[in-house]
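Student: with the sequence up front, the predicted model follows.
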Amino acid sequence: MELDINFVRNQFPAFSESSLKNKAFFENAGGSYACGPVINRLNRFYKERKVQPYGAFEASISGGVEMDEARSGLARYLGVKDFEVSFGPSTTQNAYVLAQAFGEWLSASDSIIVTNQDHEANTGSWRRLSNKGVKVKEWQVNKETGELSLENLENLLDENVKLVCFPHCSNIVAHINPVKEIVSLAHSAGAYVCVDGVSYAPHGLPNVDDLGADIYLFSSYKTYGPHQGIMVIREKLAELLPNQGHYFNEKFLTKKFTPAGPDHAQIAACAGIIEYFDALAAHHGIKISDAPAKVHKLFRNHETKILQPLLNYLKTKNSARLLGPSDASVRAPTVALDLGCNAFEVAKKLSVEDILAGGDDFYAVRLLEALGVDINHGALRLSFVHYTRQQDVNAVIEALDEVL
């Protein structure tokens with residue numbers, strides 16, 4: 001089954017905007033366009049339901065119902081229980097709160113494992129636990145490939161390790177890590193696992209139960225929704241960790257790790273993400289019960305197909321060093337290049353060619369340093385998702401030929 005790209009693009013108002021017409025958007029790893037159902041729900045909430053939810057009157061009741069719809073819909077696609085899904089202002093903030101909880105729970109004899117492949121959101125907060133006496137071990141990438149080795153993880157694991165934090169895939173290298181195998185190793189050693197899925201989830205929400213992760217983090221503004229951080233915390237671990245919310249909310253797992261008041265409108269708007277996914281499934285003749293797995297597959301098949309020509313082209317360019325694998329089947333469509341010059345300036349040149357890309361360190365300073373990339377130059381990043389067309393990729397290739 002092939003993705004109906006015309007149907008897909010019709011669900012995104014950005015593609016009808018005159019200011020964005022004929023521009024190929026390749027900075028999706030920084031945030032995707034919002035789909036129509038999300039925008040409609042956000043607009044409706046502010047007009048009709050911008051009151052304290054879960055109250056005694058209709059507008060309040062409807063607001064609460066829509067917030068619950070978002071949680072239950074996401075839980076269905078993620079393969080978890082409704083109360084295992086929590087919302088926060090960002091993934092960085094969610095990781096920070098979780099690190100505070102672990103900091104209260106861990107003892108000085110305990111240790112955790114982090115990587116230098118991560119976005120700083122899933123490593124900085126955890127590393128600060130060293131201030132509480134927790135030993136922090138670094139699972140380092142291969143300096144040539146940027147990939148993580150299972151053998152190196154095994155060498156770091158011992159009976160004192162209580163948590164392993166790593167990305168589903170890097171926002172630079174983009175290699176898809178073998179999450180199930182990593183989880184199995186960690187669990188065998190008695191450790192819990194926190195997976196940063198921010199760079200993977202836009203390419204299809206994973207079944208977290210199947211992966212086995214104890215914590216799975218991602219951002220809704222990169223999965224076609226509003227600016228929220230979404231975290232799955234499995235029930236067993238959530239009950240063990242100390243409460244970070246108001247003391248009277250400790251019994252509610254959806255409130256236990258969200259100390260700040262939630263953004264009701266944005267949570268409700270997240271139901272639009274699932275509305276879009278379900279509509280996509282129905283359009284392609286997919287049963288709703290099969291939608292989570294098959295929509296994921298639709299996304300990955302389309303992205304892999306149009307990514308490979310770009311990777312093949314880059315293999316021929318001596319002026320650009322591709323960071324990560326050149327096989328589209330083992331990576332996400334996030335393509336970072338070391339150009340040996342200021343990447344932001346190159347991104348500006350590409351914008352003249354109507355290619356919207358990014359040039360920066362993308363909060364992956366530790367990884368770029370490990371790969372020998374000059375931080376002052378940063379990397380040029382070309383990232384896309386399922387609504388990208390083959391002709392957009394062709395336009396990128398032509399523009400790179402001009403700019404490089």
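Tutor: Looks like it came in fine.
Student: residues contacting Ser125?
Tutor: By C-beta atoms under 8 Å, 6 or more residues apart in numbering, the residues touching Ser125 are 92, 95-96, 98-99. Yep, even glycine has a C-beta here, placed from its N, CA and C like the rest.
Student: what do you get if the cut-off is 10 Å, keeping everything else the same?
Tutor: 92-100, 102-103, 114, 165 (C-beta atoms under 10 Å, 6 or more residues apart in numbering).
Student: kindly report the same for Asn6.
Tutor: Counting by C-beta under 10 Å, 6+ apart, Asn6 touches Arg389.
Student: so it, which of the three states?
Tutor: helix (DSSP: H, G, I helix; E, B strand; the rest coil).
Student: and it, how far from Ser383?
Tutor: According to C-beta to C-beta, to the nearest Å, Asn6 stands 22 Å off from Ser383.
Student: one more: Phe362?
Tutor: Distance of Phe362 to Ser383, given as C-beta to C-beta: 10 Å.
Student: quick check: neighbours shared by the two?
Tutor: By C-beta under 10 Å, 6+ apart, Phe362 and Ser383 have these common neighbours: 29-30, 171, 199, 334, 336.
Student: among those, which one is most surrounded by other residues?
Tutor: Ala336 (29 neighbours; other C-beta atoms under 10 Å).
Student: touching, Arg9 and Thr388? I think so.
Tutor: Yes. Arg9 lies in contact with Thr388 (C-beta atoms under 10 Å); the separation is 9.4 Å.
Student: that older thread, reformat the shared contacts of Phe362 and Ser383 as CSV; add secondary structure.
Tutor: Below are those laid out as CSV (three-state DSSP):
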residue, secondary structure
Ala29, helix
Gly30, helix
Asn171, coil
Ser199, coil
Thr334, strand
Ala336, strand
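Student: pull the most distant pair out of the residues you listed.
Tutor: Spanning the widest gap among the shared contacts of Phe362 and Ser383 are Gly30 and Ala336, at 12.2 Å by C-beta to C-beta.
Student: overlap in contacts of these two?
Tutor: Common neighbours of Gly30 and Ala336 (C-beta under 10 Å, 6+ apart) are 171, 358, 362, 381, 383.
Student: what's the most distant pair in these?
Tutor: Maximum distance among the shared contacts of Gly30 and Ala336 (C-beta to C-beta): 10.4 Å, for Asn171 and Gly358.
Student: common neighbours of the two, please.
Tutor: Listed as contacting both Asn171 and Gly358 by C-beta under 10 Å, 6+ apart are 29-30, 336, 381, 383.
Student: can you redo those residues as JSON lines with distance to Gly204 and pLDDT?
Tutor: JSON lines is the format used below for those (distance: C-beta to C-beta, whole Å; pLDDT from 0 to 100):
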{"residue": "Ala29", "distance to Gly204": "15", "pLDDT": "98"}
{"residue": "Gly30", "distance to Gly204": "19", "pLDDT": "97"}
{"residue": "Ala336", "distance to Gly204": "21", "pLDDT": "98"}
{"residue": "Arg381", "distance to Gly204": "20", "pLDDT": "98"}
{"residue": "Ser383", "distance to Gly204": "15", "pLDDT": "98"}
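Student: can these go into TSV with extra columns for distance to Val51?
Tutor: Putting these into TSV (distance: C-beta to C-beta, whole Å) gives the following:
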residue	distance to Val51
Ala29	36
Gly30	33
Ala336	44
Arg381	41
Ser383	38
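Student: which among these gets closest to Glu84?
Tutor: Nearest member of those to Glu84, counting by C-beta to C-beta, is Ala29, at 26.1 Å.
Student: and stretch 139-152, how far apart are its ends?
Tutor: 7 Å (C-alpha to C-alpha, to the nearest Å).
Student: farthest-separated two in the contacts of Ser125?
Tutor: Gln93 and Val114 (17.9 Å).
Student: which one of these two is surrounded by more residues?
Tutor: Per other C-beta under 10 Å, whichever of Gln93 and Val114 has more neighbours is Val114, with 23 against 17.
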